[in-house]
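Student: I need the structure of the sequence given here:
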Amino acid sequence: MGKEKKKTGPKLSVAEQHIQEGYALIRSHPLFGVLFKSLYPWTMVELPKGVEGSACVTPFGGITVCKNRNQTPEAWAYVFAHLLLHLGLGHVNPAKVSQGVEVRTWNVACDIYVTRFLRDIRFPGEPASAEVLHEFPGSMKDEKAIYEYLISHDGETEKYAILGTFGKGNCDIRNLEEIWTTKTPWRLRTLSGYEAEFAAAVQSSVRSVLREASSTASENPDTPAHRAASWFINSYPLLGGLAAHFKIIEDPVICQRQEIAVAAVDVSVGEIYVNPAANLSFEELKFVLAHEYLHAGLDHAGRRNGRDHELWNAACDYVINAWLREMHIGLMPQQGLLFDETLAGLSAEEIYDELARTIRTAKKLMTFRGYGKGDILGSGQPGQVLSGGAVSMEEYCKNALMQGLEYQVSSGRGLVPAGLMEEIRALAMPPIPWDVELAKWFDDWFAPLEKHRTYARPSRRQASTPDIPRPRYILDESLTEGRTFGVVIDTSGSMSVRDIGIALGAIASYADAKDVPKMRVVFCDADAYDVGYLSPEEVAGRVEVQGRGGTVLQPGVDLLEAAKDFPKDGPILIITDGWIESDLTVKREHAFLIPKGHALPFRPRGKVFYYE
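Tutor: Numbering: from 1, shown residues only. A predicted model of the protein is given here:
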């Protein structure tokens, strides 16, 4: 008798095999596996040629898959997770949707929310099209808010339609109107069941993560993050001193409360927070810890000086990450990494000015803490004082970094980029007082004039000795012609008389010391008020706060630059608190004088002096 042949099913194509493998991945997932088990049988169909799409969810809670769409198993798992979230989050449930909702816009709003969710949990297989999410405002926290935004902004729905799984022109939630108009009781019970099962799966996953993290921290204190910190203490002197005085906190509850996706640092309390749910490797942890140590050692919190917190944090991240890459410390993680080769060599202040030009986009950048959140915690004010009461934690960090640099260089233990070396050494130099910097600016513009003796006007000292003729030293008036500068003074309501008085007092004293007889003064709030030429003695008494909230300084600058009686090469000094227009244009040499802790809304071309 011949051997009986074993029956086999139809042979699967490569694309179909990838679908089956993606199906297996999603079934084994602790969060989505529960939903998939209760799903209606999913079907594979062949779409007509030219129709783009991977899969969609049906009104019955099933999934229709395009079997002639060839992509990796991970990409299919991502598609399945996307569609399951539509069910689990109630996107097809009419009880959660307002009357009169535009179906396509609602579908796109749900796609945006789902893509955010999958990115937050670091689900693999994200398509390249998801990068468009960086351009979406981060303030919308739920589907309804996202929907209202799309409705009120023309063209935005089409822009984000690529986030769906069934092609840009198609909804990946099929026949929504049929679901909402029919409202069959058994169908509604089915849809509500998906939401209940998803909520239970989320609770189970969170409990599992917290249980695992807490047992790891309590039963095994030798965690990867602590081992990475020990590596710096034992093997990397530049950051070893900093590593020795920071406490590593690996508490998922604290990270959840502080909204820390990967890591953050609070110098004032001497703590670095590492989220164990980020699942970083040992090499990635070395990179992340070095990143936070440099934030602390370079006093990035204290150097913010009134700048926008998130933008300043992002600017510092770009600088630090470029240095760490050059130093080959650990491995760059994918999540929260800000790195751009075109910004290499720029300081944090210069990068901040660049980011301020595109503030709406820059505010959505993702740091190690998360989207639109800085991983530098704390106010930047001096925090705890170390034992002995002699030095604060901030001061200790700067000293530890400087000592680490000297040891690193002397022992030849590794490369230190020139920019980082200069910045560390600059920490040891006391800051130059603002009035000294301002005096140097006057020196650059107004060289000392030679005085001549004359007997035409006797010296006042001759009154005590009338028999002895004494000359007086005077300036040649021809030399002082054109020796002037312009002053544009912000007199809006946000500027106090005291602040203006401090700035003008310094200007008047230096102008007098540098033999500047007159200065051209313009007051400006929303309009320009030309005061004309004033002597240094007259300036301080002529200030008048106009009391308007907003400030536009461009009319004052234009007035000075166009004035026929003002020298074409005369410099302009602008006194403001920084609350001015973001596109101020000054065509000639100029400088700004602003209160310490404030910042300009653009990258200045002239010098900036910060007065106390």
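Student: which ones are touching residue 519?
Tutor: Applying C-beta atoms under 8 Å, 6 or more residues apart in numbering to residue 519 gives the contacts 484, 485, 486, 487, 507, 511, 533, 534, 535, 536, 539. Bear in mind the C-beta positions are built from the backbone N, C-alpha and C, glycine included.
Student: if I read this right, the third one contacts residue 570, doesn't it?
Tutor: Yes: look at residue 486 against residue 570 with C-beta atoms under 8 Å: they come within range, at 5.9 Å.
Student: okay, these two: which has more neighbours?
Tutor: Counting neighbours by other C-beta atoms under 10 Å for residue 486 and for residue 570 shows that residue 486 has the greater number, 23 against 19.
Student: Quick check: that one vs residue 565, distance?
Tutor: Counting by C-beta to C-beta, to the nearest Å, the gap from residue 486 to residue 565 is 11 Å.
Student: same check, this time on residue 202
Tutor: According to C-beta to C-beta, residue 202 and residue 565 sit 73 Å apart.
Student: So these two - more neighbours on which side?
Tutor: Shown here are residue 202 and residue 565; by other C-beta under 10 Å, residue 202 has more neighbours (13 against 8).
Student: Look up the closest residue to that one, ignoring the ones flanking it.
Tutor: Leaving aside its sequence neighbours, residue 202 sits nearest to residue 31 (C-beta to C-beta, 6 or more residues apart in numbering; 6.7 Å).
Student: got the phi/psi numbers for the one you found?
Tutor: The phi/psi pair for residue 31 (degrees, to the nearest 10) reads phi -100, psi -50.
Student: Need the pLDDT of residue 76.
Tutor: The model reports residue 76 with a pLDDT of 91.
Student: any idea which element it lies in?
Tutor: Element membership of residue 76, judged by DSSP states H and E, is helix 73-88.
Student: what is the rounded mean pLDDT of the following helix or strand past that helix?
Tutor: Using DSSP H and E, the helix or strand that directly follows helix 73-88 along the chain is helix 103-120. Regarding helix 103-120, the rounded mean pLDDT is 89.
Student: what's helix 103-120 in contact with?
Tutor: The contact list for helix 103-120 (C-beta under 8 Å, 6+ apart) reads 78, 81-82, 85-86, 89, 91, 97, 126, 130, 133, 136, 142-144, 146-147, 150-151, 157, 160-161, 163-164, 171-173, 176-177, 261.
Student: got it, and stretch 564-573?
Tutor: Here stretch 564-573 makes contact (C-beta under 8 Å, 6+ apart) with 445, 482, 484-488, 507, 520, 557, 560-561, 586, 588-593.
Student: Can you flag the buried ones in the residues you listed?
Tutor: Buried by 16 or more other C-beta atoms under 10 Å: 445, 484-488, 507, 520, 557, 560-561, 586, 588, 590-593, out of those.
Student: What degree of burial does the nearest residue to residue 237 once chain neighbours are set aside show, as a neighbour count?
Tutor: Once flanking residues are discounted, residue 237 sits nearest to residue 407: 4.3 Å by C-beta to C-beta, 6+ apart. Neighbours of residue 407 under the rule other C-beta under 10 Å: 13.
Student: tell me the SS of residue 407?
Tutor: On the three-state scheme (DSSP: H, G, I helix; E, B strand; the rest coil), residue 407 is labelled helix.
Student: Help me confirm that it comes into contact with residue 236.
Tutor: No: between residue 407 and residue 236 there is no contact under C-beta under 8 Å: 10.3 Å.
Student: Any idea how far the helix or strand where residue 158 lies is from the middle of the chain?
Tutor: Per DSSP H and E, residue 158 falls inside helix 156-160. With C-alpha atoms, centre = their mean, to the nearest Å as the basis, helix 156-160 stands 25 Å off its chain's centre.
Student: send the alpha carbons of that helix over as CSV?
Tutor: Provided in CSV are the C-alpha atoms of helix 156-160 (Å, rounded to 0.1, in the frame of the first residue of the first chain):
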residue,chain,number,x,y,z
GLU,A,156,-5.4,70.0,8.8
THR,A,157,-7.6,67.0,8.4
GLU,A,158,-6.0,66.1,5.1
LYS,A,159,-2.5,66.7,6.5
TYR,A,160,-2.9,64.1,9.3
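Student: neighbouring contacts of that helix?
Tutor: Helix 156-160 is contacted by residues 104, 105, 108, 111, 112, 132, 133, 135, 136, 149, 150, 168 when judged by C-beta under 8 Å, 6+ apart.
Student: quick check, nearest of those residues to residue 516?
Tutor: Among the contacts of helix 156-160, residue 135 lies closest to residue 516 (C-beta to C-beta), at 50.4 Å.
Student: now the closest one: how far from residue 358?
Tutor: If you go by C-beta to C-beta, the gap between residue 135 and residue 358 works out to 11 Å.
Student: These two: who's more crowded?
Tutor: Higher neighbour count among residue 135 and residue 358: residue 135, with 12 against 9, using other C-beta under 10 Å.
Student: which SSE is the closest residue to the more buried one other than its chain neighbours in?
Tutor: In space, and not counting its chain neighbours, residue 135 is closest to residue 361: 6.7 Å by C-beta to C-beta, 6+ apart. Element membership for residue 361, per DSSP H and E: helix 359-362.
Student: Dump that helix to CSV, keeping only the CA atoms.
Tutor: Only the C-alpha atoms of helix 359-362 are listed here, as CSV (Å, rounded to 0.1, in the frame of the first residue of the first chain):
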residue,chain,number,x,y,z
ILE,A,359,8.7,78.6,18.7
ARG,A,360,5.4,76.8,17.9
THR,A,361,7.3,73.8,16.4
ALA,A,362,10.1,73.9,18.9
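Student: I'd like to know which elements the helix or strand just after it is packed against.
Tutor: Where DSSP H and E defines the elements, the next helix or strand beyond helix 359-362 is strand 376-377. Secondary-structure packing of strand 376-377 (3 or more C-beta pairs under 8 Å, 6 or more residues apart in numbering; DSSP states H and E): strand 263-266, helix 309-327.
Student: How far off centre is strand 376-377?
Tutor: Distance of strand 376-377 from the chain centroid (C-alpha atoms, centre = their mean) equals 12 Å.
Student: Neighbouring strands - and their directions - for it?
Tutor: strand 263-266 (parallel) (DSSP bridges).
Student: picking that back up, residue 334: which of the contacts of helix 156-160 is nearest?
Tutor: Among the contacts of helix 156-160, and counting by C-beta to C-beta, the member closest to residue 334 is residue 133, at 15.1 Å.
Student: quick one: the helix holding residue 361 to chain centroid distance?
Tutor: Helix 359-362 has its C-alpha centroid displaced from the chain centroid by 8 Å (C-alpha atoms, centre = their mean).
Student: about what we covered before: report pLDDT for the residue nearest to residue 135.
Tutor: 72.
Student: I'd say it and residue 136 touch.
Tutor: No: Residue 361 is beyond contact range of residue 136, at 10.5 Å (criterion: C-beta under 8 Å).
Student: In terms of neighbours, single out the busier of these two.
Tutor: Between residue 361 and residue 136, counting by other C-beta under 10 Å, residue 136 is the more crowded of the two (20 against 11).
Student: Contacts for stretch 251-262, please.
Tutor: With contacts defined as C-beta under 8 Å, 6+ apart, stretch 251-262 is touched by 120, 209-210, 213-214, 217, 264, 273-278, 280, 288, 333, 335-336, 366, 368-370, 373, 375, 377.
Student: Now the buried members of these.
Tutor: Neighbour-count burial (16+ other C-beta under 10 Å) applied to those gives 210, 213, 217, 264, 273-278, 280, 288, 333, 335-336, 366, 368-370, 373, 375, 377.
Student: if we can go back for a sec, what's the mean pLDDT across the helix holding residue 158?
Tutor: The pLDDT scores in helix 156-160 average 90.
Student: try stretch 303-311
Tutor: On average, the pLDDT along stretch 303-311 is 82.
Student: Now the terminal residues of that stretch, how far apart.
Tutor: In stretch 303-311, first residue to last residue: 13 Å (C-alpha to C-alpha, to the nearest Å).
Student: So which bits of that stretch are buried?
Tutor: Buried residues in stretch 303-311, counted by 16+ other C-beta under 10 Å: 304, 306, 307, 308, 310, 311.
Student: again, but for stretch 11-31
Tutor: Under 16+ other C-beta under 10 Å, the buried positions of stretch 11-31 are 16, 18, 19, 22, 23, 25, 26, 27, 29, 31.
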